[in-house]
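# sequence below, structure please.
(one chain, ligands or ions: 1)
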Amino acid sequence: MAYKNIIFKVDGDVAVIKFNRPKALNAINPDVIAETNSALDKIMDDSSIRVLILTGEGEKAFIAGADISHMVNLSAIQAREFSRNGQDVLFRLENLPIPVIACVNGFALGGGSEFAMACDFIYASENAKFGQPEINLGVIPGFGGTQRLSRLVGEAMAKELCMTGVIIDAREAKEIGLVNKVFPHDDLWEATMKTAKIMASKGRVSLKAIKDCVERGLDVDLLDGCYMESDNFGLCMSSPDGKEGMTAFLEKRNPDFKGELG
Ligand code: CAA
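Purely as a prediction, here's the structure:
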């Protein structure tokens, strides 16, 4: 598939999806979703890719939401389809077996904040702005915002953000736990890539195990979550990277993780 609405690049072991509709502040329409799905297919087929970064083209926006000009004429059935398609691509992102960082370089509103929340964590520029302004359009979040936001920042804060539609800056987003780190705008990309490279150098099996344990663990009680952790601990122990990591420590050298599954 030729991409018009995203730019997909692979830089060594790090893949980048850049949303590329800067004139519409990278608003999400069905073509963006289709192209993102296609890029995710490519990532799934390439085991040399160890980390994915999502970001936005242009100085102003990560994603300013779902495309309002697309949504305005949708019937109820079409709107449900659009919402489900958006949710599906975000579930794919969340379940990707590699870490995904949202590098939020500007507005992350509505569907934009929802895309960012489906990533493993968010790094933001000082210029970034977050919010769920759908209430101002007489609708509600449709790409999982009511669900992921409350899991990330708590029920009361999620309700306040969704019910007021207020837009918050990166500093406040960090304070409430939506964003991991905030950087001066010009430093954001380098800082994100630095963290991506650190994770890319780790064992593939253990990265996936951490992702599975933390994400799945939040949906079960503590005991079941800990049992899930023990199973994954056993898997990592018996993986080639597990053997390599521990042997390298005992031999007082740096590990050489190959990411092989067995
Ligand atoms: N959909 C379609 N077009 C959008 C857009 C969106 N979500 N956001 C911005 N644009 C377009 C504008 O229409 C404008 O296009 P024109 O130049 O052709 O007029 C262009 O991008 C630049 O935007 P502005 O001139 O408005 O820029 P600004 O700096 O004055 O304001 C903004 C920036 C505050 C982000 C403002 O554009 C805005 O409020 N955008 C809408 C934000 C929003 O409501 N997002 C939620 C959408 S609903 C949703 O996402 C549902 C869901 O959960 C799935």
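# for this structure, what spans make up the strands?
Assigned by DSSP state E, the strands in the chain fall at 6-11, 14-19, 51-56, 61-63, 100-104, 107-109, 121-125, 129-131, 168-169, 181-183.
# contacts for the fourth one, please.
The one in question is strand 61-63. Contact partners of strand 61-63, identified using C-beta atoms under 8 Å, 6 or more residues apart in numbering, comprise 19, 22, 25-28, 54-56, 102-109, 111-112, 115-116, 128. All C-beta spots, glycine's among them, are computed from the backbone N, C-alpha and C.
# most tightly surrounded among the strands of the chain?
The highest average neighbour count among the strands of the chain, using mean count of other C-beta atoms under 10 Å, belongs to strand 61-63 at a mean of 29.
# within the sheet, what are the partner strands of that one, with directions?
Partners of strand 61-63 in the sheet, by DSSP bridges, are strand 107-109 (parallel).
# need the contact partners of the strand it pairs with.
Applying C-beta under 8 Å, 6+ apart, the contact partners of strand 107-109 are 25, 60-65, 102, 115-116, 122, 124, 128-133, 167.
# can you check stretch 206-224 too?
In contact with stretch 206-224 (C-beta under 8 Å, 6+ apart) are residues 50, 94, 97-99, 120, 151, 199, 225, 228-229, 232-233, 235-236, 239, 241-242.
# export it as PDB, just CAs?
Only the C-alpha atoms of stretch 206-224 are listed here, as PDB (Å, rounded to 0.1, in the frame of the first residue of the first chain):
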ATOM      1  CA  SER A 206      11.300 -10.000  28.200                       C
ATOM      2  CA  LEU A 207       9.900  -6.800  26.600                       C
ATOM      3  CA  LYS A 208       6.800  -8.600  25.500                       C
ATOM      4  CA  ALA A 209       6.500 -10.300  28.900                       C
ATOM      5  CA  ILE A 210       6.600  -7.000  30.700                       C
ATOM      6  CA  LYS A 211       4.000  -5.500  28.400                       C
ATOM      7  CA  ASP A 212       1.700  -8.600  28.800                       C
ATOM      8  CA  CYS A 213       2.100  -8.700  32.600                       C
ATOM      9  CA  VAL A 214       1.400  -5.000  33.200                       C
ATOM     10  CA  GLU A 215      -1.500  -4.700  30.700                       C
ATOM     11  CA  ARG A 216      -3.200  -8.000  31.400                       C
ATOM     12  CA  GLY A 217      -2.400  -7.800  35.100                       C
ATOM     13  CA  LEU A 218      -4.500  -4.600  35.400                       C
ATOM     14  CA  ASP A 219      -7.600  -6.600  34.400                       C
ATOM     15  CA  VAL A 220      -7.200  -9.400  37.000                       C
ATOM     16  CA  ASP A 221      -6.800  -9.600  40.800                       C
ATOM     17  CA  LEU A 222      -3.300  -9.400  42.400                       C
ATOM     18  CA  LEU A 223      -2.900 -13.100  42.900                       C
ATOM     19  CA  ASP A 224      -3.800 -14.000  39.200                       C
END
